[in-house]
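# build the 3D model from these lines:
(chains A and B)
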Amino acid sequence: MTTLVVKDLHKAFGGKPALRGVSFEGSSGQVLALLGPNGAGKTTTLRCIAGLLVPDSGEISLLTDGDGARPARGAVAFLPEEPDLYAGLTVEEHLRFIALAYRLRDWRPRAAALIDRFQLSGVTDTLPSDLSQGQRRKVAITMALLHGAHVVILDEPFNGLDPKAVRELRSVIRDLAASGVLVVLSTHRLEETEVLADRIAVTHQGRIVAEGTLGELRDAVRLAGDATLESVFLTLTEAPDEQGAAEQGADEQGAGE
Amino acid sequence: MNRAQLNKARMNRAQVNRARMDRARATGARIGEAPMTGVLLALTYASRRSTGRQIREFARSPIRILVVLALLGGLAALEATGLPAPEGTALPSRFLAAGLSAVLGVTAALGALHCPVRLRAADVAWLVPLKEGPRALVLYKIVSLAATSVVIGLVGGLAGRLLARSAEVDVVSATLSLALAATAFRVVSYLPYMLVTHGVRRVPLAVGLFALGAGAAVATVALGGAAPLAVFLPSAGGHATATATALMVVVLLAALTVGLADRYQDAAARLAWEMEAMRAALQRDGTSLAEMAARRLRRGVPSLAASPRFAGEAAFVWRAFAQLRRTWRGDLAGVLPVAAASAVAALWAGSGVALLPTAVAALLALLQAGSTGLADELDRTPFLLAPGRLGRQVLAVEVLPALAITARLVLVWLPVVVLGRGLDLSARLGVLPALPGLAALVVAASSAAAARTRAPIARLGLTVAAGAVIALVAALADLVLPAWPGLPFLVICLAAAAGLHLLAVRSLRRLIPGERAGRTIMPGTA
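Numbers count the residues shown, from 1 in each chain, chains lettered A, B, ... in the order given. Next up, the predicted model:
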């Protein structure tokens, strides 16, 4: 059992705050969705969790059964909207690269099973430039699973995918969660969030304004039991916040959301 | 197949997929903490595989092989004929050492101000998240540069020895000096930034390092052969003790840099993402490139209001002027170092070298022109929809960039006019009228390339190829007819520019669907 704990995260770009005290938790086997409008701080939060950005203050820790709290770095895989692969390496070489970097032993059976699962067996000798966007994403997920990431972070995973690829990616995300991985994804697509997420953290102007299951969010904003996520989301994010509105631009500039 | 059967098939497939995932996890190896060696091994592996692939690709291209052979042949011819240095232009080694000190100071100061670590986006995604990833990446950068310098030094030294048919070239010392200098530059650029990420104040550190470099330069000039940085010069490579001391200092500084390299990833990651975005933009159409180019525009400068009297062609001149108004400071900052190099060349080098900075400025203008002027306008809808005559509109788009390039070329050539040695006054002044012709050629080549293709890389290639080939022809004509310096060059460039302009207009007519001459566009009626 693994729990990701993010406590009071602050991050500023050029003196303008992008995150203003982000806190949430997620556990193994869950799909946790960070839902928010553009510039809300989703990508900055995810990059801080992955260790790609250094937060100004706050705490990110991964609590695992047995060895207690330890830094999240090394156990997290971050998959951006367009997966970052090495242009000069084939799919198989990428897996070997991960095996070397993470000092994995007996990684080949595991890699073979993952290649089988993600239907990549026909492209193992192919360079990333010759793969489709969906295949590149699968390669990145395979790399993440090969090194045994406890937490897989997907930044806007559904952007630019056709309906078939969206359905396949949903299935992959469900499988990841079913195999004990904590999946944290950022999105502004309400439909996918409603279908996939076990817990939803609504981000707005650098803060988590509400967190919980869809039912808990409905209760939080006192909406009826059949209220859609859209109405919950709009209720939560339409609250006036002049200071945050002024700071929103800083997040967009810094995090490139 | 009915809906129930379809759902059942989907469920079965999902079960199979989950079983495969479970098998993958069950057969997984023990995941331990990844030490720094893992990252180093992985990076070495990736570098080896990528380089091997690049070499194989290179070996399949006859044109590239021919270019390399031509370069090697030229180098061999130079070595065989033995180019004598211009008399009185050789600088004493202490001045070179002083220059090296000053440049190290500037490098360190710049390192304090901006993140000098350049990572790939994939490094950021897969290695930075590792516990020792950031440190290992910096260590790899330092070691790989030293290793590359050793290889270049050995190959270059041995080739030089072979070509010069002399055993006087001390290959080992030269290689060591080269590797030491390269590693020293990398370490002095990295270390200040690592100190900044650990709380040292950025501006005072930069000023201090700059002053240290300047002080070392002055001391080197004053002390002469006793200067500590003289060990980096190949001629001083024989001083074993000094070289060993320098080696120890560089290794210690490198160790300190790696030790402190745990908080730099913030800026390095953002730089890597920006570079990745630029790469992606260059691979796609020009739209995202135009968005990126817009980042250069200074913010906070109010837009110029267009007068209703201006329409058609004037609108494009006006827009180009509005853009130039925001970017001229950056362009000027970019051209000043080339002008400074021109002044140095004019003062210390012979007549042939004095032309080099202007040639560099022209090449830079060619490279930049691939994404400006008509290329920039074609990525926007108004150019394709605006009423007016196409030929005049293309000219309107070209005129301001041509003037701006002329200004830049004149600025680079002026130091030669004022300070130039080895060139008589008529030759120095004779080049000036040729520069507008060169600018017109650059812009027209860009227009023709932009009209021919939308792919940014292809545009760039066509622009550079057309501009460079015609400029070379014009320069040769100028050499053949030395009585009128610059005039044949100007005539040929202007004629070629006119031809390329017409080619651009013709290509655009094919590009635009519908009827253009009637000043209306009716897509789909062609």
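
# B:Ala184 belongs to a helix?
Yes: counting by DSSP: H, G, I helix; E, B strand; the rest coil, B:Ala184 is located in a helix.

# can you tell me the SS state at the closest residue to chain B within chain A?
In chain A, the residue that lies nearest chain B is A:Gly88 (2.8 Å; C-beta to the nearest C-beta). Where you see a C-beta, it was placed from the backbone N, CA and C, and this is true even at glycine. Three-state call for A:Gly88 (three-state DSSP): coil.

# same thing with B:Val335?
Three-state call for B:Val335 (three-state DSSP): helix.

# counting neighbours, what do you get for A:Asp130?
11 (other C-beta atoms under 10 Å in any protein chain shown).

# I'd like to know how many residues surround B:Leu347.
By the criterion of other C-beta under 10 Å, B:Leu347 has 14 neighbours.

# what's the biggest helix by length in chain A in contact with?
Longest helix in chain A by number of residues (criterion: DSSP state H): helix A:163-178. By C-beta atoms under 8 Å, 6 or more residues apart in numbering or on different chains, the surrounding residues in contact with helix A:163-178 are A:29-31, A:117-118, A:133-134, A:137-138, A:141, A:145, A:152, A:154, A:157-158, A:161, A:183, A:185, A:192, A:195-196, A:198, B:14, B:17-18, B:21.

# quick one: buried residues of that helix?
Residues of helix A:163-178 classed as buried by neighbour count (16 or more other C-beta atoms under 10 Å in any protein chain shown): A:165-166, A:168-170, A:172-177.

# before we move on, back to that, can you give me the distance of the residue of chain A closest to chain B to B:Asp123?
Relative to B:Asp123, A:Gly88 is positioned 13 Å away (C-beta to C-beta, to the nearest Å).

# which one of those two has more residues nearby?
B:Asp123 (25 against 20).

# which ones are touching the more buried one?
Counting by C-beta under 8 Å, 6+ apart, B:Asp123 has contacts B:43, B:137, B:272.

# can you give me the mean pLDDT across the host helix or strand of it?
Applying DSSP states H and E as the criterion places B:Asp123 in helix B:121-126. Mean pLDDT, helix B:121-126: 90.

# one more: stretch B:419-433?
pLDDT averaged over stretch B:419-433 gives 75.

# now do stretch A:80-91
Rounded mean pLDDT across stretch A:80-91 is 87.

# now it: buried residues?
Using 16+ other C-beta under 10 Å as the test for burial, stretch A:80-91 gives A:80-86, A:88-91.

# which residues touch it?
So stretch A:80-91 is in contact with A:93-94, A:97, A:115, A:120, A:123-129, A:131, A:133, A:136-137, A:139-140, A:155-157, A:159-160, B:46, B:49-51, B:53-54, B:120-122, B:124-126, B:276, B:280, going by C-beta under 8 Å, 6+ apart.

# contact partners for B:Thr257?
B:Thr257 makes contact with B:138, B:142, B:187, B:190-191, B:194 under the criterion C-beta under 8 Å, 6+ apart.

# what's the burial count for the closest residue to B:Arg120 other than its chain neighbours?
Distances taken as C-beta to C-beta, 6 or more residues apart in numbering or on different chains place B:Ala272 nearest to B:Arg120, at 6.1 Å, with adjacent residues excluded. Other residues near B:Ala272 come to 23 when the count uses other C-beta under 10 Å.

# quick check, pLDDT for B:Ala272.
For B:Ala272, the model assigns a pLDDT of 89.

# my guess is it contacts B:Cys115. True?
No: in this structure B:Ala272 lies outside contact range of B:Cys115 using C-beta atoms under 8 Å: 10.2 Å.

# ranges for the strands of the stretch 151-257 of chain A?
With DSSP state E, counting those that start in this stretch as the criterion, the stretch 151-257 of chain A has strands at A:151-155, A:182-187, A:199-204, A:207-212.

# okay, those in CSV with mean neighbour count next?
Listed next are the strands of the stretch 151-257 of chain A as CSV, based on neighbours: other C-beta atoms under 10 Å in any protein chain shown:
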stretch, mean neighbour count
strand A:151-155, 25
strand A:182-187, 25
strand A:199-204, 24
strand A:207-212, 19
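
# make TSV from those and add mean pLDDT and distance to B:Phe58 to it.
Formatted as TSV, the strands of the stretch 151-257 of chain A follow (pLDDT from 0 to 100; distance: least, C-beta to C-beta, whole Å):
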stretch	mean pLDDT	distance to B:Phe58
strand A:151-155	88	36
strand A:182-187	90	41
strand A:199-204	90	48
strand A:207-212	88	52
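
# adding distance to A:Thr228, write those out as CSV.
Shown next, in CSV, are those (distance: least, C-beta to C-beta, whole Å):
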stretch, distance to A:Thr228
strand A:151-155, 23
strand A:182-187, 16
strand A:199-204, 13
strand A:207-212, 15
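
# could you dump those strands to a markdown table with distance to chain B?
Formatted as a markdown table, the strands of the stretch 151-257 of chain A follow (distance: least, C-beta to the nearest C-beta, whole Å):
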| stretch | distance to chain B |
| --- | --- |
| strand A:151-155 | 10 |
| strand A:182-187 | 13 |
| strand A:199-204 | 20 |
| strand A:207-212 | 21 |
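
# which among those strands is found nearest to B:Pro204?
For these, distance to B:Pro204 was read as C-beta to C-beta. The smallest value, 35.5 Å, belongs to strand A:207-212.

# can you give me the offset of the closest one from its chain's centre?
Relative to the centre of its chain, strand A:207-212 is centred 16 Å away, using C-alpha atoms, centre = their mean, to the nearest Å.

# now do stretch A:125-141
Relative to its parent chain, stretch A:125-141 has a centroid offset of 19 Å by C-alpha atoms, centre = their mean.

# end-to-end on it?
Counting by C-alpha to C-alpha, to the nearest Å, you get 17 Å between the two ends of stretch A:125-141.

# what about B:Gly73, how many residues close to it?
By other C-beta under 10 Å, neighbour count at B:Gly73 equals 10.
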